[in-house]
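> Predicted model follows, preceded by the sequence.
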Amino acid sequence: MADLRPERDVFDIFIIGGGINGCGIARDAAGRGFKVGLAEMGDLASATSSASTKLFHGGLRYLEYFEVRLVREALIEREVLLRAMPHIAWPMRFVLPYSGEMRFDGQTPASRLLSLTMPWTKGRRPAWMIRTGLFMYDHLGGRKILPGTAAIDLKTDPAGAPLAEKFTHAYEYSDCWVQDSRLVVLNARDAQARGARIMTRTKVTKALREGDLWRITLRDEESGEEGEIRAAMLVNAAGPWVKDVIDGVIHVDISENVRLVRGSHIVTRKLFDHDKCYFFQGADGRIIFAIPYEEDFTLIGTTDQEHAGADIPPVCTGEERRYLLDLASGYFRREVTEADIVWSYSGIRPLYDDGASSATAATRDYVLRVDAQGGAPLLNIFGGKITTYRKLAEAALDKIAAHVPGGSGKWTAGAPLPGGDFPVGGADALITRARADYPFLDAFSAKRMVRAYGTDLWEMLGEATAAEDLGTQFGHGLTGRELRWLMDREFALTAEDVLWRRSKLGLRLSEAEAAAVGAFMRAENGTGSETRP
């Protein structure tokens, strides 16, 4: 719950939106010495930033749109971010099965160029072009940690076992996995530790220019209490609501617009036993991933569908479920059916509206626009992707520095997020250490908690010598001690915050166990509790 008592001083920077862009900017700005405030109307990462495909990737398919700068920046960032968060992000190998019948998305610049210069391909995606794209992907970003592309024989490689027999060859390349919601929360934690004021469940209802300052009205969404703060610069990082904030809260006229695109995913029972991800191309040229997920599941996605409005809750429609099931079934040896689905989720991508002919073709690059015509400056954030959030924050601070003096220089590239102060590839050693120091942790819990908290696990568990020392046991290793940590350190207020964002234990806990989590949290902080996203 927000503290809305009047502030004697004004904020240098006030940010609307607690997704990855807002929290990334808050962390960077606080670390430079700015006085920073942030308001998020729901939970951190409660919209787009918790509904991604969970990948840190350069975006192989964006090469077909000739977005070389975006891909290069993202590829460079993969390794910067791996070093900063080796607990919540890790390398993954991606298997791209090849068939001579694979087709381009006919709307991409690459497909149109190929149709003009090599019409005999008839829209098919030739092997040499895939190899060229993968060669560029290996070398654009100056790769140092991740292994390069390799050709594999699916008749002998374990990755071929779950696939239909018609697939005999594949390419294997590197990208990375990330726990998206935890990435947002850790940025917010670090921003707060550096002096930022993070206010969740707090909505900005009005923002007016008064000379060189913004007068901003806030409403606590739990209590209904209102208050005002002032800031030298306002940053609109509201994601899908960025245009709604411009039109309905700030009341300024701008030429830029946002394009809302829904991306839906399904989670199924585990479809294969290895730890590699699949990159599947559909007959329409679009692609989906099938990814090992939370030990016992497989994540399949994503779709690209136009979405009518930010306030319309995104859901994975029956049509989207069927699309994902059919595309995956075309690759796997056995059909993937509705009966395999254990959960689905959907998010809205707030893409910059570049006038592209389809949702799939719309740019994934970010656009930052400053409006200082009416006095106090406003920075609007359009688009962006998880992989480049840190670079977006640096670009935002470059623009902010032109209007708000006094900050220091860039610093985030070498700074680990909380719990990430150990080497890339060091998680297994940390898990072994955790089981030695806390022998009451089972293998699943030790791995889950190291992958969530990294070295912070030792601060959380402290001198505990038995499971009983951790308080109430809610199932699958979740305890009262961990819940208190999440409430005290990670801004969690409800069971949904814990079970579907700070973790994915909602996939495992029964309804009764989830209800017990909610009851515990209500007793601790008096909030309501929802147990399904």
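Everything's here; your move.
> Please enumerate the helices of the stretch 151-300 of the chain.
Here the stretch 151-300 of the chain has its helices, by DSSP state H, counting those that start in this stretch, at 180-193, 242-245.
> One more: the stretch 351-500 of the chain?
Applying DSSP H, counting those that start in this stretch to the stretch 351-500 of the chain gives helices spanning 389-401, 427-437, 443-453, 456-461, 480-489, 495-496.
> Pipe these into JSON lines and attach mean neighbour count and distance to L38 per row.
Where C-beta positions appear, they are placed from N, C-alpha and C, glycine not excepted. Listed next are those as JSON lines, based on neighbours: other Cβ atoms under 10 Å; distance: least, Cβ to Cβ, whole Å:
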{"stretch": "helix 389-401", "mean neighbour count": "21", "distance to L38": "12"}
{"stretch": "helix 427-437", "mean neighbour count": "16", "distance to L38": "30"}
{"stretch": "helix 443-453", "mean neighbour count": "20", "distance to L38": "22"}
{"stretch": "helix 456-461", "mean neighbour count": "19", "distance to L38": "22"}
{"stretch": "helix 480-489", "mean neighbour count": "18", "distance to L38": "16"}
{"stretch": "helix 495-496", "mean neighbour count": "26", "distance to L38": "21"}
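> picking that back up, show me which of the helices of the stretch 151-300 of the chain has the highest average neighbour count.
Ranked by mean neighbour count, the helices of the stretch 151-300 of the chain are led by helix 180-193 with a mean of 25 (mean count of other Cβ atoms under 10 Å).
> name the helices or strands packed onto it?
Helices and strands touching helix 180-193, by 3 or more Cβ pairs under 8 Å, 6 or more residues apart in numbering; DSSP states H and E, are helix 20-31, strand 36-39, strand 197-199.
> Out of those, flag the one nearest V178.
V178 sits nearest to helix 20-31 of all the helices and strands packed on helix 180-193, at 10.1 Å, using Cβ to Cβ.
> could you dump the helices of the stretch 151-300 of the chain to CSV with distance to L417 and mean pLDDT?
Formatted as CSV, the helices of the stretch 151-300 of the chain follow (distance: least, Cβ to Cβ, whole Å; pLDDT from 0 to 100):
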stretch, distance to L417, mean pLDDT
helix 180-193, 4, 98
helix 242-245, 25, 96
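> pLDDT weak spots in the stretch 1-150 of the chain?
Under the criterion pLDDT under 70, the flagged ranges of the stretch 1-150 of the chain are 1-8, 65-66, 100-126.
> any idea where the helices of it begin and end?
Assigned by DSSP H, counting those that start in this stretch, the stretch 1-150 of the chain shows helices spanning 20-31, 68-84, 109-117, 127-139.
> Show me what the second one packs onto, helices and strands only.
Same thing as helix 68-84. In terms of contacts (3+ Cβ pairs under 8 Å, 6+ apart), helix 68-84 is packed against strand 55-56, strand 89-98, strand 169-178, helix 389-401.
> what's next to it, contact-wise?
Residues outside helix 68-84 that contact it (Cβ atoms under 8 Å, 6 or more residues apart in numbering): 56-60, 62-63, 89-91, 137, 140-146, 175-176, 178, 363-365, 385, 387-388, 390-391, 412-417, 420, 424.
> Kindly reformat the helices and strands packed on helix 68-84 as TSV containing distance to T432.
Output for those, formatted as TSV (distance: least, Cβ to Cβ, whole Å):
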stretch	distance to T432
strand 55-56	25
strand 89-98	16
strand 169-178	21
helix 389-401	30
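> List the contacts of the spatially most central residue of the chain.
By Cα atoms, centre = their mean, the chain has its centre lying nearest to D180, at 3.5 Å. Shown in contact with D180 (Cβ under 8 Å, 6+ apart): 20, 45, 49-50, 52, 54, 386.
> One more pass at 10 Å, please.
Shown in contact with D180 (Cβ atoms under 10 Å, 6 or more residues apart in numbering): 19-20, 45, 48-56, 88-89, 347, 386, 501.
> next one: L441
431, 434-435, 447-450, 457, 461, 464, 467, 470, 477 are the contacts of L441 under Cβ under 10 Å, 6+ apart.
> Repeat that for P162.
Here P162 is in contact with 154, 271-274, 278, 290, 298, 331-334 (criterion: Cβ under 10 Å, 6+ apart).
> rerun that using 7 Å as the cut-off
By Cβ atoms under 7 Å, 6 or more residues apart in numbering, the contact set of P162 is 271-272, 332-333.
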